[in-house]
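A.B. asks: Coordinates only, no sequence provided:
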């Protein structure tokens with residue numbers, strides 16, 4: 001090991017496997033860790049959340065075999081996402097599992113690194129695994145965690161609350177389906193990334209992008225589409241009066257206009273976001289007027305447009321951005337929670 005190494009398993013004779021999920025914590029949140037070994041419980045399995053070298057680590061214990069751990073892993077991962085949304089925080093983790101590397105290594109002599117293993121009575125290591133990736137580890141092996149130690153500013157939510165919300169998601173019919181919806185996955189990743197933006201403008205835009213990602217891109221009403229089709233016919237007639245010519249751009253200019261007119265057949269982003277929020281939050285019992293929230297989301301998108309395409313006479317104030325962030329931090333998790341509940345229903 002070049003950079004760092006520490007004890008990574010119990011190394012006992014009893015055969016059992018553990019799910020280990022390192023969790024990045026944004027500077028905007030903190031987990032209060034309950035002291036004691038395995039103080040929590042997830043689906044009948046002892047569990048713990050603890051700090052370890054710049055990460056919070058969720059471990060779930062007591063699986064008789066790797067297969068049993070792998071079977072429940074997607075549900076637990078979905079539960080972590082659910083818990084983060086319920087608390088309006090980010091708990092980003094690596095979904096893909098890393099393999100334990102088995103390579104018997106005798107421990108000879110006491111050094112600063114080997115002392116911790118010798119104190120456990122180990123005279124050898126059976127292997128190691130990376131510190132920052134999800135693993136299914138055999139507790140009955142003598143394993144080391146291989147890492148590049150480094151300081152991290154870790155911003156308070158009790159670990160019991162994380163597990164309660166995580167367990168809520170595991171009661172959904174098919175929690176693992178949250179990973180099957182590509183658009184929803186992208187939106188969740190974008191939401192998580194917003195917690196790592198230190199600039200208010202960047203954080204605001206990132207949160208709006210979550211709603212843009214989920215925009216259903218519906219067609220406009222037929223009467224609007226009919227008008228667009230009439231325009232398309234007229235522009236085609238004008239365009240076809242010209243020849244394609246590198247020295248004369250008029251044909252290409254009108255062709256570009258045709259492409260832009262075609263996009264008008266899709267509902268505008270601002271209207272799409274309004275519909276998305278209003279319709280999705282119909283399923284949130286804590287939202288008394290989803291239509292009003294939808295209009296709010298539309299207006300917030302207009303603020304985003306004003307920020308990205310500024311006008312000299314209508315500057316966007318810092319107060320407007322901060323107020324919009326506060327609203328988005330309520331609206332966006334609600335929308336995502338409802339959508340997760342929808343995609344994880346029975347087929």
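C.D. replies: Everything's here; your move. Owing to the predicted nature of the structure, the values given are computational and were not obtained by experimental measurement.

A.B. asks: so where's this protein uncertain?
C.D. replies: In the predicted model of the chain, residues 1-3, 148-155, 263, 265-267, 312-313, 346-347 satisfy pLDDT under 70.

A.B. asks: okay, now the domains of it?
C.D. replies: 5-171, 201-217+267-343, 222-263 (automatic domain parsing).

A.B. asks: mind putting these in JSON lines, mean neighbour count and distance to residue 185 included?
C.D. replies: For the C-beta atoms, the positions are set from N, CA and C on the backbone; glycine is no exception. Shown next, in JSON lines, are the domains of the chain (neighbours: other Cβ atoms under 10 Å; distance: least, Cβ to Cβ, whole Å):
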{"stretch": "domain 5-171", "mean neighbour count": "17", "distance to residue 185": "9"}
{"stretch": "domain 201-217+267-343", "mean neighbour count": "17", "distance to residue 185": "10"}
{"stretch": "domain 222-263", "mean neighbour count": "12", "distance to residue 185": "25"}
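
A.B. asks: okay if I get the ones you listed as TSV plus distance to residue 178?
C.D. replies: Compiled in TSV, these are given as follows (distance: least, Cβ to Cβ, whole Å):
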stretch	distance to residue 178
domain 5-171	5
domain 201-217+267-343	5
domain 222-263	31
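
A.B. asks: Residue 195: which of those domains is closest?
C.D. replies: Of all those, domain 5-171 sits nearest to residue 195, with 3.5 Å by Cβ to Cβ.

A.B. asks: for this protein, longest helix please?
C.D. replies: Ranked by number of residues, the top helix in the chain under DSSP state H is helix 318-343.

A.B. asks: Which strands or helices does that one pack on?
C.D. replies: Applying 3 or more Cβ pairs under 8 Å, 6 or more residues apart in numbering; DSSP states H and E, one finds that helix 318-343 contacts helix 66-86, helix 182-194, helix 200-214, helix 269-280, helix 290-308.

A.B. asks: which one of those helices lies closest to residue 230?
C.D. replies: Nearest to residue 230 among the helices and strands packed on helix 318-343 is helix 269-280 (21.4 Å), distances taken as Cβ to Cβ.

A.B. asks: just to revisit the earlier point, which of the helices and strands packed on helix 318-343 sits closest to residue 321?
C.D. replies: Across those, residue 321 has its closest neighbour in helix 200-214 (5.1 Å, Cβ to Cβ).

A.B. asks: what helices or strands is that closest one leaning on?
C.D. replies: Against helix 200-214 (3+ Cβ pairs under 8 Å, 6+ apart) you get helix 182-194, helix 269-280, helix 290-308, helix 318-343.

A.B. asks: Flag every buried residue along the first one.
C.D. replies: By that I understand helix 182-194. 184, 187-188, 190-194 (16 or more other Cβ atoms under 10 Å).

A.B. asks: need the residues you listed in JSON lines with distance to residue 60, can you?
C.D. replies: Conversion of the buried residues of helix 182-194 to JSON lines gives the following (distance: Cβ to Cβ, whole Å):
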{"residue": "184", "distance to residue 60": "24"}
{"residue": "187", "distance to residue 60": "26"}
{"residue": "188", "distance to residue 60": "21"}
{"residue": "190", "distance to residue 60": "27"}
{"residue": "191", "distance to residue 60": "24"}
{"residue": "192", "distance to residue 60": "21"}
{"residue": "193", "distance to residue 60": "26"}
{"residue": "194", "distance to residue 60": "28"}
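
A.B. asks: which among these gets closest to residue 101?
C.D. replies: Nearest to residue 101 among these, counting by Cβ to Cβ, is residue 192 at 28.5 Å.

A.B. asks: in terms of contact, does residue 137 touch residue 17 like I think?
C.D. replies: Yes. Assessed by Cβ atoms under 8 Å, residue 137 is found in contact with residue 17 at 6.8 Å.

A.B. asks: about what we covered before: go through the helices and strands packed on helix 318-343 and name the closest to residue 115.
C.D. replies: Residue 115 sits nearest to helix 66-86 of all these, at 30.6 Å, using Cβ to Cβ.

A.B. asks: tell me the phi and psi of residue 222?
C.D. replies: The phi and psi values for residue 222, taken as degrees, to the nearest 10, are phi -60, psi -40.

A.B. asks: and residue 232, which of the helices and strands packed on helix 318-343 is closest to it?
C.D. replies: Nearest of those to residue 232, taken as Cβ to Cβ: helix 269-280 at 20.8 Å.

A.B. asks: Please work out the angle formed by the directions of the closest one and helix 200-214.
C.D. replies: 70 degrees (axes from the mean of the first three to the mean of the last three Cα atoms, to 10 degrees).

A.B. asks: could I get the helices and strands packed on helix 318-343 as JSON lines with distance to residue 38?
C.D. replies: Putting the helices and strands packed on helix 318-343 into JSON lines (distance: least, Cβ to Cβ, whole Å) gives the following:
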{"stretch": "helix 66-86", "distance to residue 38": "15"}
{"stretch": "helix 182-194", "distance to residue 38": "27"}
{"stretch": "helix 200-214", "distance to residue 38": "35"}
{"stretch": "helix 269-280", "distance to residue 38": "38"}
{"stretch": "helix 290-308", "distance to residue 38": "41"}
